[in-house]
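Undergrad: missing the sequence, but the structure's below:
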């Protein structure tokens, strides 16, 4: 019986559909199926299941960082490379929101190792979108931004701009020249808003916690 109104049901349906398209979720499902295991959510857990899921998450994190590192190190700007990075940014933020906000389970493991893992996952997720936006600023929209240096922007300048914009710090010498870049700045701020909203929500006591 529906007790929370239809808005919650609609959003829950949409979010579940989106999370099924997450590459990380697809890899987790493939890993559990390949070992002929039933996928389980965080809660009462099979240790073997949990190990496979966590190992798969770690592999996916390494792969996406390796891809981003290659794009940055070789200044790669191939067809749809920016769209690929935007896709990784979206699922990086959405999966954190879905797992730790929307699908938050107060019965999840609270031992020190799982807490450390959640903390590290949070740090790498935040750092990933900061570095990803730095790549976009440096490689794809550099000609649409006023930079403090006369020469072409380097990655440090781009990362400084990304970090300053994400945390609403001042960044003298930088200025967006187009509406597209201003839109990018807003989406990065939105990513920060999502992470801090989930963090604050997780800190609020819940019945049974």
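TA: Looks like it came in fine. On a predicted model such as this, the values are computed, not experimentally measured, just so you know. Residues are numbered from 1 along each chain as shown.

Undergrad: which stretch of helix or strand covers residue 133?
TA: If you go by DSSP states H and E, residue 133 is part of helix 112-135.

Undergrad: how about that helix: buried residues?
TA: If you call a residue buried by 16 or more other C-beta atoms under 10 Å, then helix 112-135 has these buried ones: 118, 121-122, 125-126, 128-135. Backbone N, C-alpha and C define where each C-beta goes, glycine included.

Undergrad: Dump these to TSV, plus distance to residue 89 and pLDDT.
TA: Below are the buried residues of helix 112-135 laid out as TSV (distance: C-beta to C-beta, whole Å; pLDDT from 0 to 100):
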residue	distance to residue 89	pLDDT
118	20	88
121	16	93
122	16	93
125	10	96
126	12	97
128	8	98
129	5	97
130	10	98
131	10	98
132	5	98
133	7	98
134	11	98
135	10	98
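
Undergrad: that older thread, run through who's touching the helix holding residue 133.
TA: 54, 57, 61, 64-65, 68, 71-72, 85, 88-89, 92-93, 96, 100, 108, 155, 158-159, 161-163, 165-166, 184, 188, 191, 195, 199 (C-beta atoms under 8 Å, 6 or more residues apart in numbering).

Undergrad: Where do the strands of this structure begin and end?
TA: In order along the chain, the chain carries the following strands (DSSP state E): 145-146, 175-176.

Undergrad: Return the distance of the residue positioned nearest the centre of the chain relative to residue 150.
TA: What sits nearest the mean C-alpha location of the chain, by C-alpha atoms, centre = their mean, is residue 92, with 2.1 Å. Look at residue 92 and residue 150: by C-beta to C-beta, to the nearest Å, they are 34 Å apart.

Undergrad: again, but for residue 16
TA: Taking C-beta to C-beta, one finds residue 16 at 50 Å from residue 150.

Undergrad: Those two - which one has more neighbours?
TA: Using other C-beta atoms under 10 Å as the criterion, residue 16 and residue 150 rank with residue 16 on top: 12 against 5.

Undergrad: what packs against the lowest-mean-pLDDT helix or strand in the chain?
TA: Comparing helices and strands within the chain by mean pLDDT, DSSP states H and E singles out helix 23-34 as the least confident, with a mean of 86. Applying 3 or more C-beta pairs under 8 Å, 6 or more residues apart in numbering; DSSP states H and E, one finds that helix 23-34 contacts helix 47-73, helix 81-97.
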